[in-house]
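1. Sequence first, then the predicted structure, then my questions.
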Amino acid sequence: MSCHGSSTENSAFGRTANPWNLECVPGGSSGGSAAAVAAGETPIALGSDTGGSIRQPAALCGVVGLKPTYGLVSRFGLVAFASSLDQVGPFAGCVEDAAILLGAIAGHDPNDATSLNVEIPDYSRALNPQLTLKGVKIGVIQETFGEGLNPEVAAAVTEAIAQLKKLGAEISDISCPRFRAGVPAYYIIAPSEASANLARYDAVKFGIREQAANLVEMYAKTRARGFGTEVKRRIMVGTYTLSAGYYDAYYLKAQKVRTLIKQDFEAAFESVDVLVCPTSPQRPLRREKNGRPPLACIY
């Protein structure tokens, strides 16, 4: 089950509960997949990740989740949210199962021009059975700690870093100065692309069709019924940021910020092999009966 938002409370199919605590959300937007694996209903599942929709629910449900490199997995058949960010990836109960599933879905697809035409390695065979990280350089992103991070989450991540060090990894602090600009940049880029992608669901080319007296009324009725509140909110935000007079001020500027963030990561990987940070700054939120503020559901 997938829907807009980081709580899986906006799905047309109903809400999903976290199997470890039914009063809490499983994360999202692919929270249904994470919950199914965590509950033992399936050993593996697929999800789609735009801004954390696999990684965040995997963390909140205590399973393994991975957003692959963009283009590694075909997006053919996936309803596009933000085309430059969307990627299909695996959920599993352990790293080995996730590696096996990734190997099965990765690779070039002639139906997706953005899929990479590269040789796919045997990910499961590449796993180190000796459980040693000797020689591996791990950087801890300092901007992800401090204000806004739940103390329990901070303690858990710190404990995990200590375990990585115990296994032989070299730990160092890394700064990605523009990391915190990621959320505002995302919240402009993703709705903008969603607005463009979802425009096709107009009852003429795709989607359901509501009966109406004229074409404009049919558009309005169809899109009113076919999209939930959160989806409509994002479409409206995206339409605004792409409109004449605002494209340069918002969307183009957000793309420039995105490039700067990418440069920070590229600089970081010059000195380390892996970067570590908390997946989510908070523990699973409790389910809300009357909805949740929009900025609390950004994925």
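-> Structure's in. What do you need?
2. which residues of the stretch 51-200 of the chain fall in helices?
-> Counting by DSSP state H, counting those that start in this stretch, residue ranges of the helices within the stretch 51-200 of the chain are 55-61, 95-105, 123-126, 151-166, 182-198.
3. which stretch in those is the model least sure about?
-> Confidence, taken as mean pLDDT, is least for helix 123-126 of those (a mean of 91).
4. what packs against it?
-> In terms of contact count using 3 or more CB pairs under 8 Å, 6 or more residues apart in numbering; DSSP states H and E, helix 123-126 is assigned the packing partners helix 95-105. In short, each C-beta sits where N, CA and C put it, glycine included.
5. Just send the helices of the stretch 51-200 of the chain back as a markdown table, with distance to Glu210 too.
-> A markdown table is the format used below for the helices of the stretch 51-200 of the chain (distance: least, CB to CB, whole Å):
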| stretch | distance to Glu210 |
| --- | --- |
| helix 55-61 | 33 |
| helix 95-105 | 36 |
| helix 123-126 | 46 |
| helix 151-166 | 45 |
| helix 182-198 | 16 |
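6. Tell me which of those is the most buried.
-> Comparing these by mean neighbour count (mean count of other CB atoms under 10 Å), helix 55-61 comes out on top with a mean of 28.
7. other SSEs contacting the one helix or strand Asp264 maps to?
-> Here Asp264 is covered by helix 253-268, with elements defined by DSSP states H and E. With contacts defined as 3+ CB pairs under 8 Å, 6+ apart, the secondary structure elements packing on helix 253-268 are helix 182-198.
8. Now do the helix or strand that comes right after the helix it packs on against helix 182-198, angle only.
-> The C-terminal neighbour of helix 182-198 among helices and strands, as given by DSSP H and E, is helix 215-226. Here helix 215-226 points in a direction 130 degrees away from that of helix 182-198 (axes from the mean of the first three to the mean of the last three CA atoms, to 10 degrees).
9. Rounded mean pLDDT for helix 215-226, please.
-> 90.
10. Report all helices and strands that the helix or strand following the helix holding Asp264 contacts.
-> Towards the C-terminus, the helix or strand next in line after helix 253-268, according to DSSP H and E, is strand 274-276. Packed against strand 274-276 by the contact rule (3+ CB pairs under 8 Å, 6+ apart) you find strand 137-141, helix 151-166.
11. Quick one, which of those gets closest to Glu9.
-> Among these, the nearest to Glu9 by CB to CB is helix 151-166 (20.8 Å).
12. mind checking how far the closest one is from the chain centre?
-> Average the C-alpha atoms of helix 151-166, do the same for its chain, and the two points are 23 Å apart (CA atoms, centre = their mean, to the nearest Å).
13. Pull that helix out as CSV, backbone CA atoms only.
-> Output of helix 151-166 as CSV, limited to C-alpha atoms (Å, rounded to 0.1, in the frame of the first residue of the first chain):
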residue,chain,number,x,y,z
PRO,A,151,17.1,11.5,22.3
GLU,A,152,16.1,7.8,22.0
VAL,A,153,16.7,7.8,18.3
ALA,A,154,20.1,9.6,18.8
ALA,A,155,21.0,6.9,21.4
ALA,A,156,20.1,4.1,19.1
VAL,A,157,22.1,5.5,16.2
THR,A,158,25.1,6.2,18.4
GLU,A,159,24.9,2.6,19.6
ALA,A,160,24.8,1.4,16.0
ILE,A,161,27.8,3.5,15.1
ALA,A,162,29.7,2.0,18.1
GLN,A,163,28.9,-1.5,16.8
LEU,A,164,30.2,-0.5,13.3
LYS,A,165,33.5,0.6,15.0
LYS,A,166,33.7,-2.6,16.9
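14. Contacts for that helix, please.
-> Applying CB atoms under 8 Å, 6 or more residues apart in numbering, the contact partners of helix 151-166 are 133, 138, 140, 145, 171, 276-278, 280-283.
15. mind redoing it with 7 Å?
-> The set of residues that contact helix 151-166 without belonging to it, under CB atoms under 7 Å, 6 or more residues apart in numbering, is 133, 138, 140, 145, 171, 276, 278, 281-283.
16. Out of those, which is nearest to Asn18?
-> In terms of CB to CB, no member of those lies closer to Asn18 than Arg283, at 10.2 Å.
17. The closest one: what's it in contact with?
-> 150, 152-153.
18. give me that answer again for 8 Å
-> When contacts are counted by CB under 8 Å, 6+ apart, Arg283 touches 60, 150, 152-153.
19. sec struct for it, please.
-> Arg283 falls in the coil class when you classify it by DSSP: H, G, I helix; E, B strand; the rest coil.
20. Lovely, talk soon.
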